[in-house]
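J.: build the 3D model from these lines:
(one chain, ligands or ions: 2)
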Amino acid sequence: MPVSQRVKQKVLIRRSAIRRRVLAVARQITRDFRGQRVHLIGVLKGACFFLSDLAREIDLETSIDFISVASYGKSRESSGQVRLLKDLDNSIAGLNVILVEDILDTGLTLSYLLRILRQRKPRTLRVAALLDKPTRRLKPVEADYLGFKIPNEFVVGYGLDYAERYRNLKDVCVLQQSSG
Ligand code: IMP
Ligand code: MG
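T.: Numbering: from 1, shown residues only. Ligands and ions are numbered 1, 2, ... in the order given. The predicted structure follows:
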């Protein structure tokens, strides 16, 4: 799909629904780790809005860090060969780590990240994902905390991009090519 002005966006998940689910996920994390500290790791760049909204609703001692990866291959398909672009700033040894992802698709990115993070001996390692496209899974990975299951459509907004655009949309939208 060319990045052109003929591309329209159809709302799939409204900002109000995102807000409600973010609150529910934050409450669940707060309950699960009562009395403890959590360390949120955002996967750049897609997870940055989800992480910043989630972190502010978690009622626990919370720290954050970011990691960035790229997968080789076509822009809309993950190839499974994942490359680390930016590593964490700090050690995660002994911490309750929650990896925060925008979307779980094939699971190739997440399975790579879980493998390298496990080697660093966190106390616990969980996954919070805003979106999940379960029908696309190639690796058996799941989110412990999930916003929404969605059908197999390419979505943008609330952090998710197509060719680095649309991340700032307030709703999660499906891109559609208009006929005109
Ligand atoms: P996976 O390795 O196939 O699970 O892909 C995960 C990554 O692919 C996500 O973190 C996104 O960056 C990207 N991705 C997968 N599906 C979509 C989508 O519908 N819209 C935007 N990015 C997506
Ligand atoms: Mg991503």
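
J.: from here on, just use CA atoms for contacts and neighbour counts.
T.: Will do.

J.: mind listing the strands for this protein?
T.: With DSSP state E, the ranges of strands along the chain come out as 7-13, 37-44, 61-71, 82-86, 96-104, 124-132, 145-149, 155-156, 172-177.

J.: now the angle from the helix ranked longest in the chain to strand 172-177?
T.: In the chain, assigned by DSSP state H, the helix with the most residues is helix 15-32. Between helix 15-32 and strand 172-177, the angle comes out at 140 degrees (axes from the mean of the first three to the mean of the last three C-alpha atoms, to 10 degrees).

J.: what sits up against helix 15-32?
T.: By C-alpha atoms under 8 Å, 6 or more residues apart in numbering, the residues outside helix 15-32 that reach it are 50, 53-55, 57-60, 145-147, 170-172.

J.: so which of the residues you listed comes closest to ligand 1?
T.: Of all the contacts of helix 15-32, Val172 has the smallest distance to ligand 1: 9.4 Å, by C-alpha to the nearest ligand atom.

J.: in this structure the closest one contacts Leu12, no?
T.: Yes: using C-alpha atoms under 8 Å, Val172 is in contact with Leu12, at 5.6 Å.
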